[in-house]
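In: Here is my input; please provide its structure:
(chains A and B)
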Amino acid sequence: MPEIDTEPFHRAVVALNGGPSDARIVRLVASLAARTKAELIAVHVVEIDWTLPLDADIAGRSEEVQRVLDSAEAIAEGVKVKMEPVLLQARDVAAAIVDEATERGADLLVVGLPYRKRFGGEFAIGRTIPYILQNAPCSVWVVREPMSEEPS
Amino acid sequence: MIGGRRPLQGRKPGDKRLRVERPHAPYFRYTGKGQLTAKEAASVPTTPGARLIARIRAIVLGRPLHQEAELGERLSKAKALAIFSSDAISSSAYATEEIILAFILGGAALAALGWSLPVAIAIAGLLAIVAFSYRQVCLAYPNGGGSYSVSKANFGRHASLVAASALLIDYNLTAAVSTSSAVEQIVSAFPALGDVRVLIGVGALALITLANLRGVREAGNIFAVPTYLFMFSAFAMIAIGAYRIVVLGEQHGPPPEVVAATAETAGATSVFLLLRAFASGAVALTGTEAIATGVPAFKPPESRNAATTLVVMAGVLAILFVGITFLATNFAIYPTVPELFGEVQHKTVIAQVAETVFGDSLLFYLFQAFTALLLFLAANTSFAAFPRLAAVLGEDGFFPRQFSLRGDRLAFSMGILLLGLIAASLVIIAGGRTHALIPLYAVGVFIDFTISQGGMIRHWLRTRERGWRYRLAINAVGCAATAVVAVVVTTVKFLDGAWFVVVLIPILVSMMLFIRREYDDQERELHVREDLVVEGPHREQRVVIPVNGVNRAVIQAVNFGRTMSRDVRAVFVTEDPEQGEAVRERWERQVPGVPLVIVESPYRAVISPVLAYLDVLDQAWPPDKEAPITIVVLPEYVARHWWERLLYNQTAKRLKAAILGREHTIIADVPYRREK
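Out: Okay, here's the model as predicted:
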């Protein structure tokens, strides 16, 4: 792990999307938190569309959803950092992440960004990250996945 | 509503979110599809008593370690030399004394001065043969060539079990002999401690047991230091002593007590006596095989590094052993045994040699401390090796399976405890005297050497690798030499205690074969054919509920019984026909549809009439139909306090004990929990 010269954080919210970037950002943040004894909160949001009530029993029943948080917690434990897992159901992922971070008084919000291209070859950043960048009251780190292949 | 919570309002009016509770999270973690891994909290006991015990265990033994905490550190040659050879090198602390003692007890104390050194040199020659033979084992078995695995691979079950038994005996004796000798070294420096030597020995074993239960890392530097401290201080002692003898010409005559005691038998040296002395001194070879067993712990190239380390170890041991014997004979040192010196405090030969060389200085006390430390370390090596062998035997089905289970701290707790107990008993029985245990010691070691080398001969004949003839020749010489020594040691020490090992080995082998047969039988019994697809149950079931009247616990049991079969009946045993009638009247009114059988028991027995009734039911079953499964449902009242357990369910408990193991019978407890 290279030395990263940065302001220490005290409470970081790590937003997990269930993709391969989760392990990377948890490892990164946990190893930094291990030095400063910072508090970590892992948040995974399951989006509930408008056809279902918000309190529909979806996330609690899904092993796969539980596994997203459990694997993150295991990685953090591996470097002896305690991580509080939070599972949310919401209509909008980005708003839920920002609201949770705000309510918890986090001074850092970390999100992973998969490298995807829109049809036509243009890089696609999606809706979630721009919303977070615009609305999060704290610092935001966006960790982008490496490109799976060299761009032509 | 999930988890009974209301949605949380976000910053904007439409943003609502809901925290979903994760009830599994404190105890489990999802690690794969349909797969949970238990967290530490899931292993925490739930009752207050069990929690207290767990807390005490955590204080004494440390917190339970995670499976992944096991680490396989690779050892450099220098570190491995220290860690694996403490057992072998430490035997130089008592081997010389055993040779001299053999002469004294044979009535030829004066001959000891002239003959001990040649005997020691002969033993060093044997050591060279054994070391070169084991070097081959290191090269041929990179996964560790303990005599059990070598003989298992080459000879099969029986020979390998003989080897295993000899090893098990050996490890116990290593622990007991090394501890006793360590205590003797302490007592030699501080004679006032002589009266509490057994206590010190047992205390030390208890500490070593505890440390191992906590899971000590053998690879720690702390274990490498004592070996080198002893080695270098002993080399210094030999160098100074040899300088005084060879260059300065210092020579001591035998003490007057020895001359007086042996005046009549002076010079009576027979071949038998020499053989006895040789057999006694052969304990120096114990522990030589340790490196061959631990090959996988070396840094790569494992085999070659282990082989080199083994040769270096044998060299060091030979120099120490012959050197100490050389000093002892030239300084005319005798162990202070009652046969020569009357009732005086025992002072070991190595302590006297150190005192002669260093004088009554701090160096002497330091040397004694290093020697004792090394000997305790040698005892500790058994605490790693014995449980590991017991675990391997457990996995192979020759030892109870509990021996292959790791405890909270990843150590094989059962093996460690057993070794601690046996070694402590040996120390107590021998009164803390090393000499009393020695006759038992060398027998197993040489049986092991012989079987292992024999296995190697078979190995070369089978594999015929490049240069196999040369290698076979080395192992054949080793096998022949150790076989001869095994016979000699057993014969000349037979009455001193070697007989015990000769008797014990077949007993252990039969015991292990018996255990294996039991496990094999069980496996055959439980075996399910690979091609069998299990369909639904096809046997009929009936339910029998012993009742004590009509009450809530009974009703609950009856309702449960009805879910399993239509054939449900209650049995009420009573000595009073009127009471029986009263219960029947109430039963038929309140529990219609479930027949009640009243069993009048004029002899007031409760359990036997129920059993007899079950027998009658079995006999009444049509013989051409498959016997049904009888489910005995027992209503049980759950006690809230320990003292309540004495008040309730005593009959149910007796009934359960009586029915347990009955053919085609299942017991089902239906607990009734008090609401308030």
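
In: where does chain B come near chain A, residue by residue?
Out: By Cβ under 8 Å from any Cβ of the partner chain, the part of chain B that sits against chain A consists of B:1-3, B:7-8, B:10-12, B:14-22, B:24-25, B:29-34. C-beta: built from backbone N, CA, C; applies to glycine.

In: Please tell me how far residue A:37 sits from chain B.
Out: Residue A:37 sits 21 Å away from chain B, going by Cβ to the nearest Cβ, to the nearest Å.

In: just to revisit the earlier point, return a PyMOL selection command for the buried portion of the residues of chain B next to chain A.
Out: Buried members of the residues of chain B next to chain A, defined by 16 or more other Cβ atoms under 10 Å in any protein chain shown, are picked up in PyMOL with:
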select buried, chain B and resi 2+7+8+10+15+16+17+18+19+20+22+24+25+29+30
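
In: from memory residue A:91 sits against residue A:53, does it?
Out: No. Residue A:91 is beyond contact range of residue A:53, at 10.8 Å (criterion: Cβ atoms under 8 Å).

In: Out of the residues of chain B next to chain A, list just those in strands.
Out: B:8, B:16, B:17, B:18, B:19, B:20, B:29, B:30, B:31, B:32 (DSSP state E).

In: Which residue in those residues has the weakest pLDDT?
Out: Of all those, residue B:32 carries the smallest pLDDT score, 80.

In: Please name the nearest non-neighbouring residue to that residue.
Out: Once flanking residues are discounted, residue B:32 sits nearest to residue A:67: 7.9 Å by Cβ to Cβ, 6 or more residues apart in numbering or on different chains.

In: Helix or strand with the lowest mean pLDDT in chain A?
Out: Within chain A, no helix or strand scores below strand A:116-117, which has a mean of 81 by mean pLDDT, DSSP states H and E.

In: That one pairs with which strands?
Out: strand A:123-124 (antiparallel) (DSSP bridges).

In: Run the chain-centre distance for the partner strand.
Out: Relative to its chain's centre, strand A:123-124 lies at 19 Å (Cα atoms, centre = their mean, to the nearest Å).

In: For whichever helix or strand comes after that strand, list every residue counted as buried.
Out: Per DSSP states H and E, the first helix or strand lying C-terminal to strand A:123-124 is helix A:128-135. Residues of helix A:128-135 classed as buried: A:128, A:129, A:131, A:132, A:135 (neighbour count, 16+ other Cβ under 10 Å).

In: Could you export the residues you listed to JSON lines, including columns for pLDDT and distance to chain B?
Out: Putting those into JSON lines (pLDDT from 0 to 100; distance: Cβ to the nearest Cβ, whole Å) gives the following:
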{"residue": "A:128", "pLDDT": "91", "distance to chain B": "13"}
{"residue": "A:129", "pLDDT": "93", "distance to chain B": "17"}
{"residue": "A:131", "pLDDT": "94", "distance to chain B": "11"}
{"residue": "A:132", "pLDDT": "94", "distance to chain B": "13"}
{"residue": "A:135", "pLDDT": "93", "distance to chain B": "8"}
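
In: now, which of those sits nearest residue A:110?
Out: Closest approach between those and residue A:110, by Cβ to Cβ: residue A:132, at 10.2 Å.

In: what sits against the closest one?
Out: Contacts for residue A:132 (Cβ atoms under 8 Å, 6 or more residues apart in numbering or on different chains) come out as A:15, A:94, A:97, A:98, A:109, A:111, A:140.

In: Need the CA coordinates for stretch B:467-476. PDB is fine.
Out: What follows is stretch B:467-476 as a C-alpha-only set of coordinates in PDB (Å, rounded to 0.1, in the frame of the first residue of the first chain):
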ATOM      1  CA  GLY B 467      22.100 -44.400  -6.600                       C
ATOM      2  CA  TRP B 468      19.700 -46.700  -4.700                       C
ATOM      3  CA  ARG B 469      22.300 -49.400  -4.000                       C
ATOM      4  CA  TYR B 470      24.500 -46.900  -2.100                       C
ATOM      5  CA  ARG B 471      21.600 -45.500  -0.200                       C
ATOM      6  CA  LEU B 472      20.200 -48.900   0.600                       C
ATOM      7  CA  ALA B 473      23.600 -49.900   2.000                       C
ATOM      8  CA  ILE B 474      23.700 -46.900   4.300                       C
ATOM      9  CA  ASN B 475      20.200 -47.700   5.600                       C
ATOM     10  CA  ALA B 476      21.000 -51.400   5.900                       C
END
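
In: Residues touching it, excluding its own?
Out: Outside of stretch B:467-476, the residues within contact range by Cβ under 8 Å, 6+ apart are B:132, B:133, B:136, B:453, B:456, B:457, B:460, B:461, B:465.

In: Roughly how far does the last one sit from chain A?
Out: Counting by Cβ to the nearest Cβ, the separation of residue B:465 from chain A is 44 Å.

In: Let me know the helix or strand that that residue is in.
Out: Going by DSSP H and E, residue B:465 is not in any helix or strand.

In: low-scoring pLDDT stretches of chain A, where are they?
Out: Within chain A, the stretches with pLDDT under 70 are A:1-7, A:148-152.

In: which bits of it sit near chain B?
Out: A:45-46, A:54-55, A:57, A:59-60, A:63, A:66-67, A:69-71, A:73-74, A:85-92, A:95-96, A:98-100, A:102-103, A:135.

In: Much appreciated, bye for now.
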